[in-house]
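give me the fold of what follows.
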Amino acid sequence: MRRIAVLLVVVVMLAGVAAWIFPSSGHGAGEAAPVFVTKIPPGYRDWRLVSVAREEGELDDIRAILGNDLAIRAYREEKLPFPEGTIIARIAWSYDASEENNKTFGRAQSFVAGHPKNGVQFMVKDSKKYAATGGWGYAHFNDGKPAETAVLTTCFPCHQAIKDRDYIFTRYAP
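Here you go, the predicted model:
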């Protein structure tokens, strides 16, 4: 019994030393793992339009994809990977039938952006800070408050499917 207790203490000590020497985050000792983007980039609603998209299913929204100047330049020049400092924003609204327009057209055919929906999202390119997620930091804000980490951990696994496009779904619509 005493041998088992001593062995258990040794195993626990070795595990502790290993965890201290080899941090799981891949960063040096004392260096914190990068966090997801926690601040809304100022002035993002004045950025240029990259494209518009319609999502059905659970999301059920219409969205505008915006890019800062670096993003727009990279899109226009068809440069991949996107340069450091690129920020792409996604804002979304409900997808609503326009009764007023439909009345004018004489049939149901018009849909418009309704109330804001599904928060606002960002992707920020910083290859060093976000190396573990393909060089992109992800953010999702609801009413100006960052979403919980559990929400953000779903971003990169989905974006991995389009690694060849530097993890960006939206194509430029000039």
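
and the next helix or strand past the lowest-mean-pLDDT helix or strand in the chain?
Ranked by mean pLDDT, DSSP states H and E, the weakest helix or strand in the chain is helix 2-21, scoring a mean of 37. Moving toward the C-terminus from helix 2-21, the next helix or strand (DSSP states H and E) is strand 48-55.

who does the helix or strand that that following strand is followed by pair up with?
Next helix or strand after strand 48-55 toward the C-terminus (DSSP H and E): strand 61-67. In the sheet containing strand 61-67, its partner strands are strand 48-55 (antiparallel), strand 87-97 (antiparallel), by DSSP bridges.

pop the domain breakdown of this structure in here.
1-33, 34-165 (automatic domain parsing).

now render the ones you listed as JSON lines, adding mean neighbour count and distance to A173.
All C-beta atoms are positioned from the backbone trio N, CA, C, and that covers glycine. Shown next, in JSON lines, are the domains of the chain (neighbours: other Cβ atoms under 10 Å; distance: least, Cβ to Cβ, whole Å):
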{"stretch": "domain 1-33", "mean neighbour count": "9", "distance to A173": "36"}
{"stretch": "domain 34-165", "mean neighbour count": "15", "distance to A173": "4"}
